[in-house]
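Q: kindly return the folded structure for what I paste below:
(one chain, ligands or ions: 2)
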Amino acid sequence: MKILFLEIDTERDWALASVGPAYIASYIRLQGHEGSLLRVRSEQEVNDLIGYIEKQEPDILGFSLTTRQWRRAAYIAREIRQRLNIPAIAGGHHPTFAPEAVLQAEGFDYVCLGEGEEALAELLSCLEKGEEVKQGQIDNIWVKGGSRPEIRPPSEPLDKIPFLARDLLDEQHGVAHLITQRGCPFPCSFCAAGGIRDLYKNKGYLRRRTVEDVVRELRQIKEEHPLNYVVFLDDTFTVNEAWVKEFCQAYGKQISTGFSINARVETVSRHTIDRLAAAGCRHIIYGVESGSIRIRRDIMNRPVENHRFVDVFKLTKEAGIMATANYMIGLPGETADDIEQTLALNDEIEPDDFGYFVFYPYPGTRLFQLCREKGFLPANWLELPANNRQSILSLPDLTKEDIESYYNKFTEVRNQTYMNRYGSALSKEARALASKIFEESAAVG
Ligand code: B12
Ligand code: SF4
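A: Numbers count the residues shown, from 1 in each chain. Ligands and ions are numbered 1, 2, ... in the order given. Modelled structure (predicted):
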């Protein structure tokens with residue numbers, strides 16, 4: 001059987017395609033099926049897309065979806081269905097947490113809840129035999145018109161899952177992306193990780209590959225392609241100190257290419273940072289989220305003190321690692337004063353760079369539930385853009401205009417910080433161009 005995954009780009013074409021299809025493709029290829037991916041670029045005409053699909057003659061189409069991709073994906077799936085009769089399945093975070101809405105839409109026949117490797121392989125085998133897939137027949141697969149399926153236990157050990165099919169990832173310039181674990185143990189209320197734990201009823205979702213397996217994948221990449229940089233996509237790379245220690249020793253000796261990770265300040269110590277630096281770590285992205293302890297503790301379920309951010313950013317920079325902070329604004333319960341505290345914390349920690357996102361209530365998160373219960377979420381939320389720069393919420397303490405104006409303020413601060421640091425080294429024209437790029441990069445968020 002031949003599955004064609006469609007990667008739906010929205011207003012921004014991400015450098016990297018979704019990771020889910022690349023895992024699934026390598027798994028189903030071992031069973032004799034074929035998997036490929038087409039990026040549906042933001043400017044792509046639907047007619048061209050349909051022509052391409054016709055030529056490829058897939059047996060089934062696969063959509064891997066975040067909520068941001070949903071609106072365009074629904075439009076594309078409908079257009080395809082009106083012209084071609086090819087079954088379609090959707091998986092990923094959005095279909096996992098909003099499955100009914102996906103199945104109600106024209107053009108989708110199946111939804112995969114949670115992990116997809118084994119579930120899709122079973123679905124393909126069934127379709128290959130020409131059998132009709134009955135409701136409840138395949139765990140994790142929700143058939144249109146049927147009811148919620150059972151969820152199979154998470155795949156383990158993770159080492160048994162074949163390495164990512166890199167031909168589906170669209171990697172460029174010798175930058176390789178890796179994942180060493182699935183799941184996150186922390187309870188942040190804005191994040192989908194808690195919803196995934198609930199889906200698996202808290203049983204065994206948090207798993208990590210062995211260091212040996214991760215290094216084996218990297219060595220294989222090095223043998224086949226130039227390897228210039230490694231991006232670890234794990235939510236929180238530093239979740240287990242002993243694992244990180246073992247990793248740093250092996251990576252430093254056998255790979256040593258520069259790499260970046262995502263981390264939480266709560267999970268790093270001076271030792272960890274120094275070890276990471278010695279192994280080749282060049283960049284750590286920390287979720288700081290808010291400068292207001294009240295918002296972090298009472299709304300985000302993350303009771304960490306401000307001084308921890310200050311200390312960890314200092315240690316990271318001293319170790320020669322670039323430190324980026326990510327912030328959110330426009331959360332339920334947040335006031336203008338809280339956002340001012342975020343800007344003040346940013347001044348204090350002086351990150352090398354920072355990202356800023358207007359809060360979006362992703363389905364499957366605690367804050368989604370809260371927004372719905374409190375009436376902050378509009379009834380037509382699925383029809384609104386999910387782009388992290390405009391709020392879709394009606395909040396009591398911040399208007400949409402307040403949030404937009406703070407978003408612009410973050411853009412201004414970021415622009416100004418760059419100009420103060422590097423502006424004197426630039427010509428007048430280069431400074432004007434840099435400002436323009438800042439404005440535009442903020443606009444695609
Ligand atoms: C790496 C990553 C990225 C990468 C790659 C995107 C991707 N989807 O893979 C990049 C940098 C591009 C990215 C960008 C964004 N991301 Co992101 N990202 C992640 C991250 C940290 C890891 C993904 C991962 O580990 N995948 C590993 C694989 C194994 O898991 P998986 O992707 O879930 O896939 C499995 C199943 O879902 C299923 N499956 C997936 N697709 C399909 C398709 C089919 C047909 C089937 C059958 C099954 C199936 O099978 C897969 C294998 O078991 C996740 C958090 C997380 N832990 O998942 C956030 C996450 C997916 N991202 C998120 C968000 C919000 C974004 C952005 C909007 C960022 C922003 N500005 O805020 C953009 C939007 C991207 C877009 N294309 O529009 C949210 C999505 C929430 C939601 N409901 O939409 C997550 C869950 C984080 C969070 N905040 O909670 N992201
Ligand atoms: S935000 Fe990061 S640390 Fe918090 S639950 Fe999500 S992945 Fe884990």
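Q: name the helices or strands packed onto the helix or strand hosting Leu315?
A: Using DSSP states H and E, Leu315 falls within helix 306-318. Applying 3 or more CB pairs under 8 Å, 6 or more residues apart in numbering; DSSP states H and E, one finds that helix 306-318 makes contact with helix 270-279, strand 281-289, strand 322-329, helix 336-349. Heads up, the C-betas are built off the backbone N, CA and C, glycines and all.
Q: if you count neighbours, what's buried in that helix?
A: 306, 309, 312-313, 315-317 (16 or more other CB atoms under 10 Å).
Q: for this structure, what lies in contact range of ligand 2?
A: 184, 186, 188, 191, 193, 235-236, 264, 287 (CB under 6 Å from any ligand atom).
Q: mind giving me the domain ranges of this structure?
A: 2-143, 171-373 (automatic domain parsing).
Q: could these be laid out in TSV, adding mean pLDDT and distance to Ser391?
A: Listed next are those as TSV, based on pLDDT from 0 to 100; distance: least, CB to CB, whole Å:
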stretch	mean pLDDT	distance to Ser391
domain 2-143	96	14
domain 171-373	96	5
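Q: of those domains, give the one that comes closest to Ala430.
A: domain 171-373 (18.4 Å; CB to CB).
Q: can I get the domains of the chain in a markdown table with distance to Val413?
A: A markdown table is the format used below for the domains of the chain (distance: least, CB to CB, whole Å):
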| stretch | distance to Val413 |
| --- | --- |
| domain 2-143 | 22 |
| domain 171-373 | 7 |
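Q: for burial, what's the neighbour tally of Gly204?
A: Neighbour count for Gly204, taken as other CB atoms under 10 Å: 12.
Q: helix, strand, or coil at it?
A: The three-state label given to Gly204 by DSSP: H, G, I helix; E, B strand; the rest coil is coil.
Q: give me the nearest residue to it, chain neighbours excluded.
A: Pro154 (5.4 Å; CB to CB, 6 or more residues apart in numbering).
Q: surely that neighbour touches Leu199?
A: No: counting by CB atoms under 8 Å, Pro154 sits too far from Leu199 to count as a contact (9.8 Å).
Q: any common contacting residues for the two?
A: 114, 205 (CB atoms under 8 Å, 6 or more residues apart in numbering).
Q: so what's the residue of the stretch 51-200 of the chain found nearest ligand 1 up against?
A: At 2.2 Å from ligand 1, Gly91 is the closest residue in the stretch 51-200 of the chain, using CB to the nearest ligand atom. By CB under 8 Å, 6+ apart, the residues touching Gly91 are 20, 24, 62-65, 111-112, 116, 120.
Q: do the same with Ala73
A: Ala73 makes contact with 6, 8, 63, 65, 90, according to CB under 8 Å, 6+ apart.
Q: check which residues of the strand or helix carrying Ala121 are buried.
A: Following DSSP H and E, one finds Ala121 within helix 117-128. Of the residues in helix 117-128, 117-127 count as buried by neighbour count, 16+ other CB under 10 Å.
Q: count of residues packed around the residue nearest to Gly204?
A: 18.
Q: give me the secondary structure label for it.
A: With three-state DSSP as the criterion, Pro154 reads coil.
Q: got phi/psi on Pro361?
A: Dihedral pair for Pro361: phi -80, psi 90, per degrees, to the nearest 10.
Q: swap in Ser269?
A: Dihedral pair for Ser269: phi -120, psi 170, per degrees, to the nearest 10.
Q: leaving out the residues flanking it, which one is nearest to it?
A: Glu241 is the one closest to Ser269 (CB to CB, 6+ apart), at 7.4 Å.
Q: and if you look at Ala336?
A: In space, Ala336 is closest to Asp402, 6.3 Å off (CB to CB, 6+ apart).
Q: what's the spacing between that neighbour and Ala165?
A: Here the criterion is CB to CB, to the nearest Å. By it, Asp402 lies 45 Å from Ala165.
Q: same check on Ile403?
A: Using CB to CB, Ile403 is found at 40 Å from Ala165.
Q: which one of those two is surrounded by more residues?
A: Set side by side, Ile403 and Ala165 show more neighbours around Ile403, with 23 against 19, by other CB under 10 Å.
Q: that's a helix at that one, yeah?
A: Yes: according to three-state DSSP, Ile403 belongs to a helix.
Q: count the neighbours of the residue lying closest to Glu117 once chain neighbours are set aside for me.
A: Sequence neighbours aside, Tyr27 is the residue nearest to Glu117 in space, at 4.0 Å (criterion: CB to CB, 6+ apart). Here the count is done by other CB under 10 Å, and Tyr27 has 20 residues near it.
Q: please, where are all the strands along the stretch 151-300 of the chain?
A: Here the stretch 151-300 of the chain has its strands, by DSSP state E, counting those that start in this stretch, at 175-178, 181-182, 207-208, 229-232, 259-263, 281-289.
Q: any chance of those in TSV, plus distance to ligand 1 and mean neighbour count?
A: Output for the strands of the stretch 151-300 of the chain, formatted as TSV (distance: least, CB to the nearest ligand atom, whole Å; neighbours: other CB atoms under 10 Å):
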stretch	distance to ligand 1	mean neighbour count
strand 175-178	7	19
strand 181-182	6	20
strand 207-208	11	18
strand 229-232	9	19
strand 259-263	7	22
strand 281-289	10	23
